[in-house]
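Undergrad: sequence plus predicted model, see below.
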Amino acid sequence: MSDLSQVTPLLSMRNVNAGYGAARVLHSFNLDIYPGETLVVIGRNGVGKTTLAETIIGLTDHHSGDIYFQGKQLQKLPPYQRNRSGIAWVPQQREVFQSLTVEENMSVVQRPGHWDIERVYGLFPRLRERRVNYGDQLSGGEQQMLALGRALVTNPSLLLLDEPVEGLAPIIVIEMLRAIDLMRIGSNMSILLIEQKYELALAHSERCVVIDHGSVVHEGPSADMLADKSLVDRFLGLTQ
């Protein structure tokens, strides 16, 4: 995907102002997400990364600007219609159904398509082992796998992942990143990955954007930022 000028975006945001109540967090926000790519969003804490995902899925107050998904305006649709149109969201809190089993968590939301429960079990064998366990009987890592699997079986065109490896043990982080790499094989799903561990995120994505004060301040190939620590220092003001 070297020449994006020849590709129609899956999702476009143009001059979007959004936030919570009267407080605006995103300011004149512009972003394109292209079919089949993994786009990582990085930035300091509190600059609007989670607000971006929540604005796309419809959980913020939209003040102005346009959001287009598959060529159709999105900003007036409620969250459930955005989900049905092909957008899935895995929040930081995971929010699995505690009183349902692993398999029930997925079966109640699944839709026809490339991803079904068996394919998710292939991606996360641990979930197959826990298929009859309830949501509140799972470890944090298993809950994250289930949250991701539950999103996948809705067969989205766009998957929003908000810090999917936060708080996980290193071995589970490796498993989650492997899964993210494998998820698009055989499909044209796009992934918006919000992640504080920028080095890991850049290594598992094609393109990155940096947000500061609710606006995009940098956009480019992930490999370029990963190779140039001065860019990280300039836009994030930190080293890892």
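TA: Perfect, I can see it now.
Undergrad: point out where this structure drops to low pLDDT.
TA: Counting by pLDDT under 70, the chain has low-confidence residues at 1-3, 5, 186, 238-240.
Undergrad: please name the nearest non-neighbouring residue to the residue of it most remote from its centre.
TA: No residue in the chain sits farther from the centre than residue 132, which is 27.1 Å out by C-alpha atoms, centre = their mean. For residue 132, ignoring the flanking residues on the chain, the nearest one in space by C-beta to C-beta, 6 or more residues apart in numbering is residue 101 at 5.3 Å. C-beta here means a position set from N, CA and C on the backbone, and glycine is covered the same way.
Undergrad: does that neighbour have beta-bridge partners, and which?
TA: Partner residues in beta bridges with residue 101: residue 134, with DSSP bridges as the criterion.
Undergrad: could you tell me how many residues sit around it?
TA: If you count neighbours by other C-beta atoms under 10 Å, residue 101 ends up with 17.
Undergrad: cool, and residue 213?
TA: Here the neighbour count serves as a burial measure; for residue 213 (other C-beta under 10 Å) it reads 13.
Undergrad: so which helix or strand takes in the nearest residue to it once chain neighbours are set aside?
TA: Here the nearest residue to residue 213 in space, its sequence neighbours aside, is residue 47; by C-beta to C-beta, 6+ apart that works out to 6.2 Å. Secondary structure assignment for residue 47, by DSSP states H and E: no helix or strand.
Undergrad: any idea how far residue 39 is from residue 47?
TA: When distance is defined by C-beta to C-beta, to the nearest Å, residue 47 is 16 Å away from residue 39.
Undergrad: next: residue 122.
TA: Shown here: residue 122 relative to residue 39, a distance of 25 Å by C-beta to C-beta.
Undergrad: kindly report the same for residue 130.
TA: Taking C-beta to C-beta as the criterion, residue 130 is separated from residue 39 by 31 Å.
Undergrad: one more: residue 180?
TA: Counting by C-beta to C-beta, the separation of residue 180 from residue 39 is 12 Å.
Undergrad: between these two, which contacts overlap?
TA: By C-beta atoms under 8 Å, 6 or more residues apart in numbering, residue 180 and residue 39 have these common neighbours: 191, 193.
Undergrad: on that earlier part again, list the contacts for the residue nearest to residue 132?
TA: 131, 132, 133, 134, 135.
Undergrad: need the three-state assignment for residue 211.
TA: Residue 211 falls in the strand class when you classify it by DSSP: H, G, I helix; E, B strand; the rest coil.
Undergrad: count the residues that sit near the residue nearest to it when sequence neighbours are not counted.
TA: Among residues not flanking residue 211 along the chain, residue 43 sits closest, at 4.0 Å (C-beta to C-beta, 6+ apart). The local packing of residue 43 (other C-beta under 10 Å) involves 23 other residues.
Undergrad: so residue 43 touches residue 52, yeah?
TA: No. Residue 43 sits out of contact with residue 52 when judged by C-beta atoms under 8 Å, with a separation of 9.6 Å.
Undergrad: list the residues that contact both of those two?
TA: Common contacts of residue 43 and residue 52, defined by C-beta under 8 Å, 6+ apart, comprise residue 211.
Undergrad: quick one, phi/psi of the closest residue to residue 207 other than its chain neighbours?
TA: Sequence neighbours aside, residue 39 is the residue nearest to residue 207 in space, at 5.1 Å (criterion: C-beta to C-beta, 6+ apart). Summarising the backbone geometry of residue 39 under the convention degrees, to the nearest 10, its torsions are phi -110, psi 120.
Undergrad: burial count for residue 39?
TA: When counting by other C-beta under 10 Å, one arrives at 22 neighbours for residue 39.
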